[in-house]
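Undergrad: could you look at this predicted model? Sequence included:
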Amino acid sequence: MQHFVPIPPDLQPWLLAGVVVDAPAELAHSHFPAMVSSMLVVRLAGQVRHRGTVVPPSAWISASTTAAVYDHTGPVRAVGLVLQPEAAAALFAGACGAVNAIRPMTELAGTRWAAVERGVLAAADDDARLDVLCQFIRATAAPPSDCEVRRLQALALLTAACSADGGTGQHMGLSKRQFERRFVAHWGMAPKQFQVIARLNSTLWHALANAPSGQGAELAVDQGYYDQSHMGRDVRRLAGQPLQALVQDTRTALSAYWPLQIGAQTQPKPLHQPPQPTEPTQLVAPARRR
């Protein structure tokens, strides 16, 4: 019904996964946890609403600080890409600072998106449709674009946030308040909130990818929680259900929590050790985009 598609190696700095959705009419909802990643989705059939508002046929769905429910009308078919957390604002100016947002892709990518959407709709199968989307990301990030520079700056922000949280007090030469403002302007949430949600995403991945015995106190300690109760509160608050209920639901054939099933097939980055930039990167004002 819904399945994960691996990403080509050259796009792994930008993307986490490709996703194909083929949901029957019986599946009336999709439940997503809070996420630090974002999604680019093209819907082929059916209608989807979020909080009563129709989701555009081609949409970018930003990182989120709360659990989200999407309501389906009829069978829903779609293809999409899950973006690395640092990728969206590097690729699209309109994604910078956006959180809990749904934007039409024409708003982010401009007039060039119309040809991409036509290519997706005309493609022979789902693999070909995902290939069209991957080629769009590849072309957007290719030199002479400065997307890679902006991606490394985003990673530098994450590295500094984790280092400062670890007690080093490093904020890229900025005061703590200045650094937090810069982080919020880029990510749409404070550094601590980002870390809490990233930890949730990592916790859910480990809970679903491992045996049921790995869902208790040992998992809580491994993921940096004070104890199992602390982990349980975060999971209920940010994913909408107790951890055990989420895991059990994803084991069923028809699950509204299918996004967790897809997420369990991706490998999360370490929470407290974000990837280092390939070369020293200074925090500078982003270049003006044409």
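TA: In hand now; what should we look at?

Undergrad: okay, CA-based contacts and neighbour counts for the rest of this
TA: Fine.

Undergrad: which residues of the stretch 151-290 of the chain fall in helices?
TA: 176-187, 191-209, 217-222, 228-239, 243-250, 258-263 (DSSP state H, counting those that start in this stretch).

Undergrad: what is the third one packed up against?
TA: Spelled out, that is helix 217-222. helix 191-209, helix 228-239 (3 or more C-alpha pairs under 8 Å, 6 or more residues apart in numbering; DSSP states H and E).

Undergrad: equivalent analysis for the longest one, please.
TA: With contacts taken as 3+ C-alpha pairs under 8 Å, 6+ apart, helix 191-209 sits against helix 176-187, helix 217-222, helix 228-239, helix 243-250, helix 258-263.

Undergrad: just the buried residues of it, please?
TA: Residues of helix 191-209 classed as buried: 191, 194-209 (neighbour count, 16 or more other C-alpha atoms under 10 Å).

Undergrad: any idea of the mean pLDDT for the strand or helix carrying A139?
TA: Assigned by DSSP states H and E, A139 belongs to helix 126-141. Averaged over helix 126-141, pLDDT sits at 98.

Undergrad: likewise for stretch 48-66?
TA: 97.

Undergrad: now do stretch 254-273
TA: The average pLDDT within stretch 254-273 is 74.

Undergrad: then stretch 208-218?
TA: Rounded mean pLDDT across stretch 208-218 is 72.

Undergrad: give me the distance between the two termini of it.
TA: 14 Å (C-alpha to C-alpha, to the nearest Å).

Undergrad: also stretch 102-114?
TA: End-to-end for stretch 102-114, by C-alpha to C-alpha: 18 Å.

Undergrad: so which residues make contact with that stretch?
TA: With C-alpha atoms under 8 Å, 6 or more residues apart in numbering as the test, stretch 102-114 has contacts from 40, 55-62, 92-95.

Undergrad: which positions in it come out as buried?
TA: Here stretch 102-114 shows 102-106, 108-109, 113 as buried, counting by 16+ other C-alpha under 10 Å.
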